[in-house]
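Visitor: what follows is a predicted protein model with its sequence.
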Amino acid sequence: MPKYLIKASYSNQGIKGVLQEGAVNLPDNRAAIALAATVGATGALSAYETVVLLESEEVDAAIRQSVDYRPPGG
């Protein structure tokens, strides 16, 4: 299951909801977007940012992947 860092500024009402309902596990990026949109639309937050956390295996695989890149002007 992917891991996410959610950086949010909760209103009093918003943090009360977290205290009552608990935290949320998200199964994938689509669910993370849905949560951000739904919570953002309520006005319970003044700021919200989702950061996808990478497993070390994902980073290792990514650095072995070839990329077709040419610097600007190069």
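Guide: On my side now, so go ahead.

Visitor: every contact and neighbour count from this point should use C-alpha atoms.
Guide: Fine.

Visitor: residues in contact with residue 46?
Guide: 8-11 (Cα atoms under 8 Å, 6 or more residues apart in numbering).

Visitor: quick check: buried residues in the helix or strand harbouring it?
Guide: According to DSSP states H and E, residue 46 maps onto strand 45-53. Within strand 45-53, the residues that count as buried by 16 or more other Cα atoms under 10 Å are residue 45.

Visitor: for it, the averaged confidence score.
Guide: For strand 45-53, the mean per-residue pLDDT is 89.

Visitor: quick one: the helix or strand following it to chain centroid distance?
Guide: Beyond strand 45-53 on the C-terminal side, the first helix or strand identified by DSSP H and E is helix 56-64. Remark: helix 56-64 is offset 19 Å from the chain centroid, using Cα atoms, centre = their mean, to the nearest Å.

Visitor: please, where are all the strands along the protein?
Guide: With DSSP state E as the criterion, the chain has strands at 3-10, 45-53.

Visitor: what helices or strands is the first one leaning on?
Guide: To tie it back to what came earlier, the one meant is strand 3-10. Counting contacts by 3 or more Cα pairs under 8 Å, 6 or more residues apart in numbering; DSSP states H and E, strand 3-10 packs against strand 45-53.

Visitor: now the contacts of residue 46: which count as buried?
Guide: Taking 16+ other Cα under 10 Å as the criterion, what is buried in the contacts of residue 46 is residue 10.

Visitor: no further queries at this time; thank you.
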